[in-house]
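>>> Build me a model:
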Amino acid sequence: MRIPATKISLLLGGILLSARLAPAQASSGYGTPSPTPAAPPAAAAPDPTAAPAPPPTAPASPSPASPGTAAPSGAAAPAPTGATAPTEATSSALDYLFNRKPQDGSAAQAAGSVAGNVGDKMKADDVLDIPNGLDDPVVRERFEIYLKHPEVSQDRIREYLGKMNALSQVLQQSDDSFAAWKTLYALSEYQDLDAGISRELSNRVEAVWNTVRTNDGLDAKNEKIEHEIDTSDRNADLIADELRTEEQEQQARVGADDNRKSNPAAPPTADSGGGGGGGSGNMGPSNPDVQGSMQLTAEYLRGLEGRAKIKLNEVQQDSNIKQAKSDFADYITMLYGSHRYYQVIIAAEFYRKLFNEGDYPVAMADQVNASLEVNNNVGLAVDDFRDEAGKGEVAGAAVMLETAFLGNEFHPALKGIPLAQKKQVSDYLKKLDVLKNVIEARDFGRVEGLIADITKIATDFDSTKPMAMINAVKLESTLRLGKAKMLVQQGDIKDAMEEFQAAAEAWPGNPDLHDSATGFFNSQDLKTQSVTEFDRLIGEQNCREIFDKQLVFAPAIQGDATREAQLKSALQKVQKAEVASDKASALVLSGDVYGAWEVIERAAADWPDDNKLNRQLADLSGRATDFVAAINKAREAESRKNIGYSLTWYLNAQHIYPPSLIANDGIDRLSKLLLSSDHPNQSETN
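Predicted coordinates:
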């Protein structure tokens, strides 16, 4: 059975196309992902005077996605651990000397907040109005190098900016990107202003042109392949016609043989195989028919292979353009990150020209707009610097120069500032650094002298903020030191040590601080102070304060039997009162106000001078008026020996509060007295 030529060609063509497209798809990114290729190295810079050939024109293609990178999250800093608390046996003096802080809201507390390195720097920077950017040591070092560098002549700066503006005009108003590319080499000759950035940009432009040339080569290959495809198609048509004719002739011969068999009288033909040879008739297709079918299949497969190559070349062209656009956009981002704002604007114009883009990508447009704004602001800051420096206002001029440098340290206007004016700023900043260090160290005694030296250089230096802060802290230190002396004389060691500590933290260099502290520690021994204070509190019968300071007094009086007994007695008295107070509070919470009053009244009888018990008794008396009045009347009548009247009021009190111990004890006591044989008859009436 013969397979038709069309079926053979379609089958073989599909197999061959699948085999050839599979590796191509894998390499071009279809099917399986492939890593992003690295940016190609910049081509060697050609000699612009050698009149190179004009650059090719890049075909328009879709804009690539704007490049962007995600900022890494900062690791959370571990919280610092607190200091170990002193033991309970530590004396109050040492406790307040090392552990206590100044009071909130005071100038000493504000100075204490500056104690850490970060706090010191922030406080000093604030009162001296130092820009935030210069606290970075790397940036500050670059700024100091800039201050020592000689200026660039204004004529040279004007030439450079003139060529750059002309380059921008060429890119915006004409299609002569080749002339603009040559201008980049002219700009790179200004090494003191350009630092070779323009030459690197020209290499990037040439890399794009090389990509376009590569795509042009692929276009030439596609044209050649298309010609070969046309040839294969024509050959296939010719072969198909020949096969069709041969098949028709073959069918005609078969029909003639059938007619001869049915009509023996018909004369034989030359193609029938009869006559002379007597051989058999044509029983199947001849070899030329099969050979023609294979030739047709081969031509058809060559056409399919050519079309597949064209498609792969087109995919490669699109990938080349996308990679070139991505690399160029990344380079512009690098320029923007390194503050080369003039080159950002020029490179963005080249981007539009090279890739036939009407608008910038969104990210690139933001970079161009920001670059224009920064360049304008830096130019204004330099103008302000020249104005203030000309009037001798070095402090204000320094701020403007720092602002301009932090905005764009590579701005040509900064390069043209005279070295003499930069030296004035450098001298001023050096003295300002010394003042900052003194404030951070809280060596306030040197501040006034340093400010006087600074005002000789910068007449416009405003010392209001630093002097206000320093005077407030010095006054705070002096007042606290005086208060500490007064508290020492009164024997209040705890508060005195707190004030000493606050005064030292506020102004460590206070000349009176050392003398006062030395005299205090030389004249006072901690143990002696504790014993003296204990004897004073015993004389005052101030048991509660003894109770509060028992951990201080216990080691101080150890071994003194008399004082130990006094301490034990005071502690027991306070503990007994506290137990009664806690019990009364519990009874009040349960609603038993009468019982609470009785508990406190009985405890107050044992310790009548305790203010806490007396306050609590007065409060409960107001809440149990009827019961307290009955008890008081019963006691008053009993004191007058009016037994019957007293017994009546005790009964009334018992009626009000049946569990009353005072009322029940009074009733029991008076009843026994009435029943006794030696009790005289009472005739008194109320």
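>>> tell me the mean pLDDT for the longest helix along the chain?
If each helix of the chain is counted by residues according to DSSP state H, the longest one is helix 197-262. Averaging pLDDT along helix 197-262 gives 84.
>>> any idea how far the helix or strand following it is from the chain center?
Proceeding N to C from helix 197-262, the next assigned helix or strand is helix 287-337, under DSSP states H and E. Centre-to-centre, helix 287-337 and its host chain are 48 Å apart (Cα atoms, centre = their mean, to the nearest Å).
>>> Please work out the average pLDDT along helix 287-337.
Per-residue scores along helix 287-337 average to 84.
>>> shift numbering so it begins at 31
Sure, I'll start numbering at 31, so the last one becomes helix 317-367.
>>> Which strands or helices does that helix pack on?
The contact analysis (3 or more Cβ pairs under 8 Å, 6 or more residues apart in numbering; DSSP states H and E) places helix 317-367 against helix 35-58, helix 227-292, helix 371-384, helix 392-420. Placement of C-beta: from N, CA and C, glycine included.
>>> Could you report the neighbour count for Gln602?
Gln602: 12 surrounding residues under other Cβ atoms under 10 Å.
>>> Give me the buried positions along the helix or strand that it is a member of.
Here Gln602, judged by DSSP H and E, is contained in helix 591-619. Buried positions in helix 591-619, judged by neighbour count with 16 or more other Cβ atoms under 10 Å: 593, 596-597, 600-601, 603-604, 607, 610-611, 614, 617-618.
>>> swap in stretch 451-460?
Within stretch 451-460, the residues that qualify as buried are Gln451, Lys452, Gln454, Val455, Ser456, Tyr458, Leu459, counting by 16+ other Cβ under 10 Å.
>>> Low-confidence ranges, this protein, go.
31-163, 287-322, 518-521, 544, 547-557, 707-716 (pLDDT under 70).
>>> Kindly state the domain boundaries assigned to it.
The chain breaks down into these domains under automatic domain parsing: 493-554, 591-705.
>>> any chance of these in a markdown table, plus distance to Asp271?
Shown next, in a markdown table, are the domains of the chain (distance: least, Cβ to Cβ, whole Å):
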| stretch | distance to Asp271 |
| --- | --- |
| domain 493-554 | 102 |
| domain 591-705 | 118 |
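>>> returning to what we had before: let's have the buried residues of stretch 451-460 in TSV, adding distance to Glu329 and secondary structure.
Output for the buried residues of stretch 451-460, formatted as TSV (distance: Cβ to Cβ, whole Å; DSSP: H, G, I helix; E, B strand; the rest coil):
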residue	distance to Glu329	secondary structure
Gln451	83	helix
Lys452	80	helix
Gln454	87	helix
Val455	83	helix
Ser456	83	helix
Tyr458	88	helix
Leu459	84	helix
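>>> Give me whichever of the helices and strands packed on helix 317-367 is most buried.
helix 371-384 (a mean of 23; mean count of other Cβ atoms under 10 Å).
>>> I'd like to know which elements that helix is packed against.
The elements that helix 371-384 packs onto, with contact taken as 3+ Cβ pairs under 8 Å, 6+ apart, are helix 184-203, helix 207-218, helix 227-292, helix 317-367, helix 392-420.
>>> Convert the C-alpha atoms of the shortest one to PDB, please.
C-alpha atoms of helix 207-218 as PDB (Å, rounded to 0.1, in the frame of the first residue of the first chain):
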ATOM      1  CA  SER A 207      22.600  60.500  19.100                       C
ATOM      2  CA  PHE A 208      26.100  59.900  17.600                       C
ATOM      3  CA  ALA A 209      27.100  63.600  18.000                       C
ATOM      4  CA  ALA A 210      25.700  63.400  21.600                       C
ATOM      5  CA  TRP A 211      27.800  60.300  22.200                       C
ATOM      6  CA  LYS A 212      31.000  62.100  21.000                       C
ATOM      7  CA  THR A 213      30.200  64.900  23.400                       C
ATOM      8  CA  LEU A 214      30.400  62.500  26.300                       C
ATOM      9  CA  TYR A 215      34.100  62.000  25.600                       C
ATOM     10  CA  ALA A 216      34.600  65.800  25.600                       C
ATOM     11  CA  LEU A 217      32.900  66.000  29.100                       C
ATOM     12  CA  SER A 218      35.100  63.100  30.400                       C
END
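>>> Show me which residues of stretch 566-581 are buried.
Neighbour-count burial for stretch 566-581 flags Leu567, Ile568, Cys573, Arg574, Glu575, Ile576, Phe577, Lys579 (criterion: 16+ other Cβ under 10 Å).
>>> which one of those residues is nearest Asp166?
Asp166 lies nearest to Lys579 out of these, by Cβ to Cβ, at 52.2 Å.
>>> Look up phi and psi at the closest one.
phi -110, psi 20 (degrees, to the nearest 10).
>>> so how far is Ser669 from Trp679?
Using Cβ to Cβ, to the nearest Å, Trp679 is found at 12 Å from Ser669.
>>> what's the spacing between the residue lying closest to Asn252 once chain neighbours are set aside and Ala270?
What sits nearest to Asn252 in space, not counting adjacent residues and going by Cβ to Cβ, 6 or more residues apart in numbering, is Ile340, at 4.9 Å. According to Cβ to Cβ, Ile340 and Ala270 sit 23 Å apart.
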